[in-house]
Structure formats: C-alpha cells, structure tokens
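[1] Below is the sequence, then the predicted model.
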Amino acid sequence: MDLEIRKLEKKEDYLQAEWLLATAFLNNWDEEEAREKAVHPQGDIWAAFDKTGRMVSAISTLRHELFYEGDVISCGELHMVGSLPEVREAGAVRALIGQILRDYKERGDFFATLLPFSFAFYRKFGFEAASEMLVQKAAIDQFAGFCQEYEARQILCQEDVDQARALWHHFIGNYNLADLRDRQAWTYGDGGEFGSRDWQHMDKQPYSYIFHDQAAKARAYFSFIFIPGPRGPFTGTMKVTDLAFDSPQALRSIFAFIYGMRAKIRQVQMSLPADVDLSLMLPEPDLMERELDSHYTARALNIEKILAAMSQPGERGSYSLHVTDSFLPENTGTYTVAFAHGKTESVQKGEGPVDLELTVETFCQLAVGLIGLEAALYREGTLLKRKRELLKKVFRKRPVLLD
C-alpha cells in the first residue's frame, strides 16, 4: 500500500483520527460531543493516508518525564494504535511506528513505551516487557498489629498535594522508568481529588491521606477507592490506587491506618513495585493473593545514550556489545564502553571484538534492570563470549517502576 505518513495539525484531522481509533477499538463515538470537546491532544497524533487521501491508520502519543539511573529523561509513549479493520495487514501500523520511533530518537529520547494488547505483536517493533508490579491482596485482619507512628489526615488542600508530590519524587528516585507525572496530576481539584481516577473504576470516589511525624514533616501518603463486596455497599475491598513513603516505618503507619477501617473494609488490594513484597511483612503470607503484573513495554531507541547514562562498575574497564535491531537496523552494531569509578567514560560504535551478543529487546530489559545477565542468557539471540563476571556487575537486576 502506498502511504503518506504525517503528524496531524488540523482540528478536522484530529476528529477523523478520533473516529478512526474509536472504530478500531470498537468504542462508541459521538461526533457532536467530540466537536464540542475538541481540544488539541495531550501529545501528537500521527496518521497514515492511502493514495486517495483517506486516513487508514492513526497513533496518538503522549510525552512523559521518567527517572532513569537517577536522572530525568524525556520519553514518548505510543498511547493508542489503530487501523481501520478493512485495511489491516497492509503495513500502515508498521510504517507509522517506524516514523514515530525515528522521530523520538531524533528528539533525543532514550526509550519509547507502550501498553500492548499483545506482547508478541509489538515485539516485532522492538518493544519488550519492562515493568514488574506485584498485585497483592490480603484480608484486613492481616494488617492488625502494626503501629501507627505518624499522624494521618485527609488531603484537603494544594499544600497537602505539594507534599505528596515531594514524597512521590523521593519514593521513585531509585526506580528506573518511574513517571514524574505532569503538573496537572499534582493539582488539587474539586471534591478533594488530585491525579487521575483509576481507569477501571471511573465512577469511584478516591480518598487520599497524608502522614506527618511529630516535626510536621510529611512521611507518606496513599489514595484508595472502595469497591463494594458481594453483599452490597456495607462491606467490601479497599483498592489502593497511589502510594509513596520515605521509610519502612512510614509504610507500617499506612498499614495501621488501613486496619482502623476494618468496620467497612474486608480485603485490601494494592499494586506495588516488585521489591515491596507484602508477604515479607504480613503475618500469614500463605493466605495472601499475589500476582506479577508485567503489562507495560519499553523500547530502546538510542543505545549510545543509554549506555552513557547507565551506572557502571566501580573499577576501570571496558566491554563490548553487539546489538541486533531488526526493526531499526541503524541501531545494529558493536558498541564498546569504557568506564571508570561507576560512570561511563566513552561509548564507541564500530568494529572490534565482541563480549556479548544480544537483541535490542534483551538490551532494553538489561538496561532498565528488569533482568540481570544470567536471566538474559536464556533469551534467544543472546550469546556470551567473554567477561562474564564483569558483565554480571554491569547488567544486574534493579527496581523498575513503569506503571
């Protein structure tokens, strides 16, 4: 199919893309309502047009600021990807994704992210699983026995939200790919809300509480919604939708506060980074429900920049990687890294002996810390040739928070 790929700039094109994506996702679409709400999208919208000028595929995108190796980086997200049903399998999505990823790389982005309907489908474009959250559920009685060391109060003003924002930034500082969230997410609104509602429970009122120590320093906050149980609205589940804390003591204060709501709450559910495992804290771990959720993917775009930003072993040394990128072949090549005192000194792309061969998908998982070297060796396309002990220090499992 002959295609024209372009970034949209006109209101009519935005509306056409909105209709196209609604059709692709089998969602309802009201043109009159859409025209009334019509605003410039949060990110860019790209579209593919056939030779008659008909829009056949569209991708809406978002921009994020993420933490990576202790610094803030810019990152693009492919938010909604859709084609008209009658033109699928014709290469429009492939052409669009290729153009967008190259645009992101030219902007200087290290990574792109995407929430896939199918890991296998988007792996064709170099995206790979890059998140690891534990969805954990326990009976309210499991939270008995914790001591509430800090005073709790409901978040009811912008000053409280600002303190929550500072706690979030402190909390995510050790997590790769954690989202700083935009200013709108940290704006106090009507009804005491801030941030966005849980997309699965848009009709549920969120409640947020902040915890202070005796010196009036904010130490933790959390937000939750109430989901009625099978017997109606009198008892049910507390679903924690947001949370940050600056110490184990602060998390235990949240737990003690939760137990104080046992008249209404029967179960507690929360999604946490995989290194915050409630089975290590609650008295009856065998009675918990725990599920690993790896729903987000990432895609390495600029290998040189990623290697330059990565933390390195403390000694002086070097290693070389041969990365194969079948979708963006310009990334394929041998990268030699020289490092000293925990930091990269130089990254050179060229020829030379290779210590580790791998695909761009495996490189992405190693670079964000989702897996370490030993796990990477199980992946197809990975071949370790030399420097095993050194590369185990370079590529080690680290906490990730892409959610």
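    Perfect, I can see it now.
[2] drop to CA atoms for contacts and neighbour counts, all remaining ones
    Fine.
[3] Run a quick neighbour tally on the nearest residue to residue 318 once chain neighbours are set aside.
    Spatially, and ignoring its direct neighbours in sequence, residue 318 is nearest to residue 338 (4.3 Å; CA to CA, 6 or more residues apart in numbering). A count of nearby residues for residue 338, using other CA atoms under 10 Å, gives 18.
[4] Then residue 217?
    Counted with other CA under 10 Å, the neighbours of residue 217 add up to 11.
[5] Kindly report the same for residue 310.
    Residue 310 has 18 nearby residues by other CA under 10 Å.
[6] And the pLDDT at residue 190?
    pLDDT, residue 190: 75.
[7] what sits against it?
    Residues near residue 190 by CA atoms under 8 Å, 6 or more residues apart in numbering: none.
[8] what's the distance between it and residue 198?
    Per CA to CA, to the nearest Å, residue 190 is found 17 Å from residue 198.
[9] can you check residue 213 too?
    Taking CA to CA, one finds residue 213 at 29 Å from residue 198.
[10] between these two, which one's more packed in?
    residue 198 (17 against 14).
[11] Regarding the more buried one, what are the backbone dihedral angles?
    phi -60, psi 120 (degrees, to the nearest 10).
[12] Does it touch residue 240 like I think?
    No. Using CA atoms under 8 Å, residue 198 is not in contact with residue 240; the gap is 9.7 Å.
[13] lowest average confidence, helix or strand, in this structure?
    helix 31-37 (a mean of 74; mean pLDDT, DSSP states H and E).
[14] what helices or strands is that one leaning on?
    Helix 31-37 is packed against helix 11-24, with contacts defined by 3 or more CA pairs under 8 Å, 6 or more residues apart in numbering; DSSP states H and E.
[15] Below-threshold pLDDT in the stretch 101-250 of the chain: ranges please.
    Scanning the stretch 101-250 of the chain for pLDDT under 70 picks out nothing.
[16] If we use 80, what do you get?
    190-192, 196-202 (pLDDT under 80).
[17] ranges for the helices of this protein?
    11-24, 31-37, 92-107, 119-123, 158-171, 248-259, 303-309, 360-368, 373-376, 388-394 (DSSP state H).
[18] Would you confirm that residue 51 contacts residue 2?
    Yes. Applying CA under 8 Å, one finds residue 51 in contact with residue 2, separated by 6.0 Å.
[19] What is the end-to-end distance of stretch 223-235?
    18 Å.
[20] got the contact list for it?
    204-209, 236-243, 263-266.
[21] which parts of that stretch are buried?
    Residues of stretch 223-235 classed as buried by neighbour count (16 or more other CA atoms under 10 Å): 223, 224, 225, 226, 227, 228, 235.
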